[in-house]
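Student: Below is the sequence, then the predicted model.
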Amino acid sequence: SFCAALHQELKEYYRLLSVLHAQLQVEDDQGVNMSVDNSLTLKRLLVWTYDPKIRLKTLAALVDYCQGRKGGELASAVHAYEKTGDPHMRALIQHILGLVSNPILNFLYRWIYDGELEDTYHEFFVASDPAVKTDRLWHDKYSLRKSMIPSFITMDQARKVLLIGKSINFLHQVCHDRTPPGKIMPASKSTDSPKDAAVLFTDLEGAFQSKIDAAYFETSKYLLDVLNKNYQLLEHLQAMRRYLLLGQGDFIRHLMDLLKPELVRAATTLYQHNLTGILETAVRATNAQFDSPEILKRLDVRLLEVSPGDTGWDVFSLDYHVEGPIATVFTRECMSHYLRVFNFLWRAKRMEYILTDIWKGQMCNSKLLKSMPELSGVLHQCHLLASEMVHFIHQMQYYVTFEVLECSWDELWNKVLQAQDLDHIIAAHDVFLDTIISRCLLDVNNRSLLNQLRAVFDQIIEFQNAQDTLYRSALEELQLRIQFEDKKRQREEMGEWGVTAEQEAEENRRVQEFKDTIPKMCSQLRLLTHFYQGIVQEFLRLLMTCSDESLQFLSFRLDFNEHYKARDPRLRPSLGATKGRRSSNI
């Protein structure tokens, strides 16, 4: 098209030369009889050739500048020459620009109205990678070739052009929607006239912008409608929240109750089909049963890689199968993030579950063990440590559930409802996952915090084991004492001596042996308490140094009465830090 424009200008120049040559021929034929007023003088020749000479100079400079360029890059080079104060030169450049831009406009119309890209010489600013498979069509198949974006087309317009054609191809190839593009939006007549191209590109914020916006809004709206109505995109998004982010509370609690006998076993002894059956039972017994079958059939059990010493709790995970068009939003990377967050939330929920069992054990056994006053000290230690752990886990659960998940989810949902195209939904979803990954301490920057939190969880499990051992031993001792008293009473009722001196001595010896184990239990609990408090203090210290304000506020809630601050001087902020925090709040 550029060569054709140059050829057209040269034809005009050759036509001028022909006219001048004809004029000279007439003068030669007429000789001296030729009137001076009509003769071709040097001055007249200079005047007649002045404009063509300027045009040729401009064209020569333009040819040098455009050497080696093609497509949109060539159009940008021609457009750069349009910025001149000479109206004649500007008209010339606009004429050439119209000719050069005409093929680009034809490419553009074919792309945004039919989704077709026939760019053999890679001149258009939308590029296609034929090696990319259908499942990655939206993310990788089409891209902007930035060097080919004409300078008179903005990046926002180019992005919309890319999205329009990409949406059409996504509908046809991934969604298998056979609706003709002409029914999605009214197609504009393709431009064949260079004059039309020149006029259109001189009104980039008017007619051209209107064409692009109309095609963009209609195509994007149709694509989102197909994803929501035919593939239940929003329902799947809510299912992720309910199941993988533990939003369906009754289902998660009942599932834990049913899984407990299985998950306490060694991980190597678990069978996935058994766990899947338990999952189905939990679904049928809770409000999850009212979900769409399309949702429930995707919910599954997944067993993670087993390490030596792992129990079922360490390897169990829920899974959600995604394929087809919705996999464009829920990519493998996204599902990997969901899996990480689920494992974190599941472990935290398990700690809450364990502490509930610990509290139940303390309440049930406190009355039974009142007859054993020697245990009052060690039981008091258990109650104190359990209270500390309950407070810690409740505050962590509140932080994760409300400040992280609920706030992030509300923001995501609003963005999804306001999204104008699929890219907006994908971007909002990615931000949502990145936010919860970061605020749940699962990113690289918070690795030390996560290690401390996992250590707290480990101490809770250690405490559960220690308390179970204590109660088991105490209840066995209580049972032996009750049996001894029952036998003694039975003999007295029969008129015999309740016990002999030898039996009483044996009983006293056994009771003393039990009492001798109590200091060891106390020492074990004190050591456990010391380790636990040390880990919590380090966790609080790391929270106070975080740049995220929500994590700093979490440290205040975890130590609301400054119990840990009184024990660790590192948790007392300096005067400068306090002033800085006050000034920032102001």
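Tutor: In hand now; what should we look at?
Student: use CA for all of it now, contacts and neighbours both
Tutor: Will do.
Student: shouldn't Leu554 be in contact with Gln397?
Tutor: No - using CA atoms under 8 Å as the test, Leu554 is too far from Gln397 to be in contact (10.9 Å).
Student: Find residues that contact each of those two.
Tutor: The contact sets of Leu554 and Gln397 do not overlap (CA atoms under 8 Å, 6 or more residues apart in numbering).
Student: ok, how many other residues are close to the closest residue to Ser438 other than its chain neighbours?
Tutor: Excluding the flanking residues, the one nearest Ser438 by CA to CA, 6 or more residues apart in numbering is Asn446, at 7.5 Å. Residue neighbour count, defined by other CA atoms under 10 Å, stands at 17 for Asn446.
Student: Quick check: the gap between Asn446 and Val390.
Tutor: 23 Å (CA to CA, to the nearest Å).
Student: same deal with Asp300?
Tutor: Here the distance between Asp300 and Val390 works out to 31 Å (CA to CA).
Student: For the two, indicate the residue with more neighbours.
Tutor: Taking neighbours as other CA under 10 Å, Asp300 and Val390 compare with Val390 leading, 20 against 17.
Student: related to what we said a few turns ago, SS state for the residue nearest to Ser438?
Tutor: The three-state label given to Asn446 by DSSP: H, G, I helix; E, B strand; the rest coil is helix.
Student: can you give me phi and psi for the residue nearest the centre of the chain?
Tutor: Nearest to the geometric centre of the chain sits Asp430, at 2.1 Å (CA atoms, centre = their mean). According to degrees, to the nearest 10, the main-chain angles of Asp430 amount to phi -60, psi -40.
Student: Kindly report the same for Leu318.
Tutor: The phi and psi values for Leu318, taken as degrees, to the nearest 10, are phi -80, psi 150.
Student: Arg90 touches Glu82, doesn't it?
Tutor: Yes - with contact defined as CA under 8 Å, Arg90 counts as touching Glu82 (5.4 Å).
Student: re earlier: Leu525 versus the residue nearest to the centre of the chain, what's the distance?
Tutor: The gap separating Asp430 from Leu525 is 44 Å, by CA to CA.
Student: ditto for Glu12
Tutor: 101 Å.
Student: coming back round to it: run a quick neighbour tally on the closest residue in space to the residue nearest to the centre of the chain that isn't next to it in sequence.
Tutor: Leaving aside its chain neighbours, Asp430 sits nearest to Cys334 (7.5 Å; criterion: CA to CA, 6+ apart). Neighbours of Cys334 under the rule other CA under 10 Å: 17.
Student: And the strand or helix carrying Cys334, what does it pack against?
Tutor: Element membership for Cys334, per DSSP states H and E: helix 332-368. Applying 3 or more CA pairs under 8 Å, 6 or more residues apart in numbering; DSSP states H and E, we find helix 332-368 packed against strand 316-320, helix 376-398, helix 422-439, helix 447-493.
Student: and Glu12 and Leu525? which has more neighbours close in?
Tutor: Set Glu12 next to Leu525 and count neighbours by other CA under 10 Å: Leu525 wins out with 21 against 13.
Student: quick revisit: please spell out which residues along the helix holding Cys334 are buried.
Tutor: Buried residues in helix 332-368, counted by 16 or more other CA atoms under 10 Å: 334-335, 337-352, 354-355, 358-359, 362.
Student: State the mean pLDDT of that helix.
Tutor: Averaged across helix 332-368, the pLDDT comes to 94.
Student: now it, how far from the chain's geometric center?
Tutor: Counting by CA atoms, centre = their mean, to the nearest Å, helix 332-368 is centred 25 Å from the centre of its parent chain.
Student: any idea how far Asp548 lies from Val536?
Tutor: Using CA to CA, Asp548 is found at 19 Å from Val536.
Student: who has more neighbours, these two?
Tutor: Neighbours per residue (other CA under 10 Å) separate Asp548 from Val536, with Val536 holding more: 21 against 12.
Student: what about the more buried one, distance to Arg110?
Tutor: For Val536 relative to Arg110 (CA to CA), the value is 63 Å.
Student: ok, now His530?
Tutor: Taking CA to CA, one finds His530 at 72 Å from Arg110.
Student: before we move on, what about Val226?
Tutor: Counting by CA to CA, the gap from Val226 to Arg110 is 23 Å.
Student: Doesn't Ile307 lie inside a helix?
Tutor: In this structure residue 307 is Ser, not Ile. No - the assignment for Ser307 by three-state DSSP gives coil, which leaves it out of any helix.
Student: and it, what is it in contact with?
Tutor: Neighbours of Ser307 in contact, by CA under 8 Å, 6+ apart: none.
Student: State the pLDDT value of it.
Tutor: 90.
Student: for Lys229, same thing?
Tutor: 94.
Student: okay, now it: neighbour count?
Tutor: 12.
Student: same check, this time on Tyr271
Tutor: Applying other CA under 10 Å, we find 11 residues neighbouring Tyr271.
Student: Ok, Asn230 next?
Tutor: Asn230: 11 surrounding residues under other CA under 10 Å.
Student: got it, and Gly115?
Tutor: Neighbours of Gly115 under the rule other CA under 10 Å: 20.
Student: quick one, what contacts the nearest residue to Leu279 once chain neighbours are set aside?
Tutor: Using CA to CA, 6+ apart and skipping residues adjacent in sequence, the residue nearest Leu279 is Leu255, 6.7 Å away. By CA under 8 Å, 6+ apart, the contact set of Leu255 is 278-279, 282.
Student: and what of Arg44?
Tutor: Shown in contact with Arg44 (CA under 8 Å, 6+ apart): no residues.
Student: mind checking the SS state of it?
Tutor: Quick answer, by three-state DSSP: Arg44 is helix.
Student: how close does Leu417 sit to Ala428?
Tutor: Distance of Leu417 to Ala428, given as CA to CA: 11 Å.
Student: The two - which one has more neighbours?
Tutor: Neighbour totals were compared for Leu417 and Ala428, and Ala428 leads with 19 against 10 (other CA under 10 Å).
Student: roughly how far is the host helix or strand of Lys520 from the heart of the chain?
Tutor: Using DSSP H and E, Lys520 falls within helix 501-544. Offset of helix 501-544 from its chain centre (CA atoms, centre = their mean): 46 Å.
Student: Just after that helix, pick out the following helix or strand.
Tutor: Counting by DSSP H and E, the next helix or strand C-terminal to helix 501-544 is helix 549-558.
Student: which secondary structure elements does that next one contact?
Tutor: The helices and strands touching helix 549-558, judged by 3+ CA pairs under 8 Å, 6+ apart, are helix 376-398, helix 501-544.
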